[in-house]
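Peer 1: Model the structure of this input:
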Amino acid sequence: MTPRVLIVDDEERMVGVVAAALGRAGWECEGCASGEDALAALEARGADAVVTDWKMPQMDGIELLRRLHAKRPGLPVILLTAHASIPSAVAAMREGAFDYVTKPFDNDELRAIVARALELTRLERENRWLRQEVEGRYAGDQVIAESTRSRELLALVRRVAPSRATVLIQGESGTGKELVARLLHYWSERVGRPFIAVNCKAFAEGVLESELFGHEKGAFTGASAARAGCFERASGGTLFLDEIGEIGGDFQAKLLRVLQDGEVLRVGGAEPRTVDVRVVAATNRVLRDEVAAGRFREDLYFRLNVIPIQLAPLRERREDILPLARHFLRRHAADAGRPLAFTADAEAALLAHAWRGNVRELENAVERGVVLARGDAITPEDLLLEETPAGPGGDDGTLQATLDRATATRIRDALAAAGGHRTEAARALGIDRTTLYRLMKRYSLPG
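Peer 2: Presented below is the predicted three-dimensional model:
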């Protein structure tokens with residue numbers, strides 16, 4: 001939208017001079033002959049900034065400033081005066097004026113001041129929108145948690161959020177690890193500071209070091225200027241390191257040093273820089289097993305795992321399926337401008353599905369349903385749910401095929417509940433580890 005400026009002066013000629021100067025910058029200008037006219041224009045058509053004469057009959061610039069701020073507290077108001085003095089400037093600033101300009105004014109100076117005022121308005125509007133977005137998405141009553149496990153998870157996140165402690169979130173892909181990381185940030189005192197998310201898997205190791213720690217000019221080919229890394233840019237806030245289980249051994253050592261010392265050394269730099277960052281890491285791997293296999297440093301694991309949070313797969317919290325599906329339906333149906341609902345058969349299909357892709361798969365299915373629905377109701381056919389593989393032998397309708405599917409599902413659930421720890425899973429299943437390994441191999445189960 002084109003920024004809009006109100007110009008207030010009882011002299012029509014002066015309104016024209018100011019409008020001509022500001023119009024060259026591409027801004028929309030409206031002239032007002034009095035303070036009352038300006039208040040009416042603000043009420044009727046709005047404004048992003050106001051330029052007003054200080055000395056006017058009936059209502060001077062200071063009184064107009066007070067009345068404008070009563071309606072729009074953050075609105076920048078610039079005063080024009082022919083007799084500026086230090087006391088008058090101080091008085092104007094105390095009343096909340098953005099700035100003042102002395103007549104006769106320099107056009108470039110006036111445009112520069114108005115440009116700063118409009119930038120302030122833009123930032124204020126953006127911050128207001130972001131606050132509403134945060135409150136809408138991350139308020140406690142906006143997070144879907146119907147199952148006991150989900151309610152316990154949210155209670156844990158609320159307890160953990162105010163601390164500075166490093167958090168390690170583990171869970172299958174699509175279970176909502178980034179959402180939990182954002183809740184930890186937005187429910188903490190760091191909410192006004194940056195939240196920066198980095199997918200460690202998306203970068204080669206050398207690039208990841210530059211991305212996280214920054215680099216100095218000339219540190220490598222293409223480093224034409226110094227650049228702060230994510231640790232520095234997240235100062236005072238939260239740094240979310242997703243897919244932490246994918247980083248290589250050399251980088252693990254460098255990351256450990258940063259977490260221990262609270263300092264980063266830019267690539268090509270000589271002086272470390274102190275950072276105040278709360279680190280939240282996440283992985284869909286079982287890091288304990290990665291440590292046992294020698295792929296992940298044990299000291300880094302313990303440094304990250306100060307507060308462990310394990311996310312349950314959607315199939316283990318089925319009470320959440322329909323509330324989540326209805327939540328996604330409201331969002332995507334609103335985006336599409338279509339009033340839609342699930343049929344009873346569609347909801348039954350949602351409840352019966354295995355959801356190997358967890359919440360992400362569920363949202364994708366709902367979005368498909370919104371796109372493909374031919375009327376005002378979403379049917380099972382609109383969801384295009386993939387059939388869950390039956391495992392070795394296929395689904396031939398025999399009792400053995402049914403038992404094979406049930407056994408494979410039970411083993412998967414036990415492994416997930418045990419965080420991938422095979423000994424604990426075997427104990428929960430009432431079998432020994434050798435039998436568990438054999439069954440995992442038979443049904444081609446990962447882990």
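Peer 1: C-alpha only now, for contacts and for neighbours.
Peer 2: Fine.
Peer 1: Please list all residues in contact with L322.
Peer 2: 347, 350-351 (Cα atoms under 8 Å, 6 or more residues apart in numbering).
Peer 1: Pull out the buried residues from the helix or strand where it lies.
Peer 2: For L322, the host element (DSSP states H and E) is helix 321-336. Neighbour-count burial for helix 321-336 flags 321-322, 324-330, 332-333 (criterion: 16 or more other Cα atoms under 10 Å).
Peer 1: Now that helix - C-alpha only, CSV.
Peer 2: Only the C-alpha atoms of helix 321-336 are listed here, as CSV (Å, rounded to 0.1, in the frame of the first residue of the first chain):
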residue,chain,number,x,y,z
ILE,A,321,-6.4,-36.9,15.5
LEU,A,322,-9.9,-35.5,15.0
PRO,A,323,-9.3,-32.2,16.9
LEU,A,324,-6.2,-31.6,14.9
ALA,A,325,-8.0,-32.5,11.6
ARG,A,326,-10.8,-30.1,12.4
HIS,A,327,-8.2,-27.4,13.3
PHE,A,328,-6.5,-27.8,10.0
LEU,A,329,-9.8,-27.9,8.2
ARG,A,330,-10.8,-24.6,9.6
ARG,A,331,-7.5,-23.0,8.5
HIS,A,332,-7.4,-24.4,5.0
ALA,A,333,-11.1,-24.0,4.3
ALA,A,334,-10.9,-20.4,5.3
ASP,A,335,-7.9,-19.9,3.0
ALA,A,336,-9.9,-21.5,0.2
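Peer 1: Measure how far that helix is from the centre of its chain, please.
Peer 2: Helix 321-336 sits 19 Å away from the centroid of its parent chain (Cα atoms, centre = their mean, to the nearest Å).
Peer 1: Equivalent analysis for stretch 351-363, please.
Peer 2: 23 Å.
Peer 1: so can I have CSV of the contacts of L322 showing secondary structure, pLDDT and distance to R111?
Peer 2: Shown next, in CSV, are the contacts of L322 (DSSP: H, G, I helix; E, B strand; the rest coil; pLDDT from 0 to 100; distance: Cα to Cα, whole Å):
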residue, secondary structure, pLDDT, distance to R111
E347, helix, 94, 59
L350, helix, 94, 59
L351, helix, 92, 61
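Peer 1: could I get those as a markdown table with distance to V267?
Peer 2: Below are those laid out as a markdown table (distance: Cα to Cα, whole Å):
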| residue | distance to V267 |
| --- | --- |
| E347 | 53 |
| L350 | 49 |
| L351 | 51 |
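Peer 1: Filter these down to the buried ones, ChimeraX style.
Peer 2: Restricted to buried positions by 16+ other Cα under 10 Å, the ChimeraX selection for these reads:
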select :347,350,351
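Peer 1: nearest to A408, of the contacts of L322?
Peer 2: Closest approach to A408 among those (Cα to Cα): L351, at 18.9 Å.
Peer 1: can you tell me how far that closest one sits from S150?
Peer 2: 17 Å (Cα to Cα, to the nearest Å).
Peer 1: repeat for A20
Peer 2: 60 Å.
Peer 1: In terms of neighbours, single out the busier of the two.
Peer 2: S150 (19 against 13; other Cα atoms under 10 Å).
Peer 1: check contacts around that one.
Peer 2: R317.
Peer 1: Work out for me the element it sits within.
Peer 2: Taking DSSP H and E as the criterion, S150 maps to helix 148-160.
Peer 1: Could you list the buried residues of that helix?
Peer 2: 149-150, 153-154, 157-158, 160.
Peer 1: Out of those, the closest to R412 would be?
Peer 2: When the buried residues of helix 148-160 are compared for distance to R412 (Cα to Cα), R149 wins out at 17.8 Å.
Peer 1: What sits closest to the closest one if chain neighbours are left out?
Peer 2: Spatial nearest neighbour of R149, chain neighbours left out: R317 (6.9 Å); criterion: Cα to Cα, 6 or more residues apart in numbering.
Peer 1: Phi, psi for the one you found please.
Peer 2: Per-residue torsions, R317: phi -140, psi 60 (degrees, to the nearest 10).
Peer 1: Give me the pLDDT value at it.
Peer 2: R317 is assigned 93 on the pLDDT scale.
Peer 1: residues contacting it?
Peer 2: R317 touches 147-150, counting by Cα under 8 Å, 6+ apart.
Peer 1: Where does the prediction get shaky in the stretch 1-150 of the chain?
Peer 2: 84-86, 127-142 (pLDDT under 70).
Peer 1: what ranges do the helices span in it?
Peer 2: 12-23, 35-45, 61-71, 86-94, 107-138, 148-160 (DSSP state H, counting those that start in this stretch).
Peer 1: Just name the most buried of the ones you listed.
Peer 2: helix 61-71 (a mean of 18; mean count of other Cα atoms under 10 Å).
Peer 1: Which elements pack onto that helix?
Peer 2: helix 35-45 (3 or more Cα pairs under 8 Å, 6 or more residues apart in numbering; DSSP states H and E).
Peer 1: now the angle from the helix it packs on to helix 61-71?
Peer 2: In terms of direction (axes from the mean of the first three to the mean of the last three Cα atoms, to 10 degrees), helix 35-45 departs from helix 61-71 by 30 degrees.
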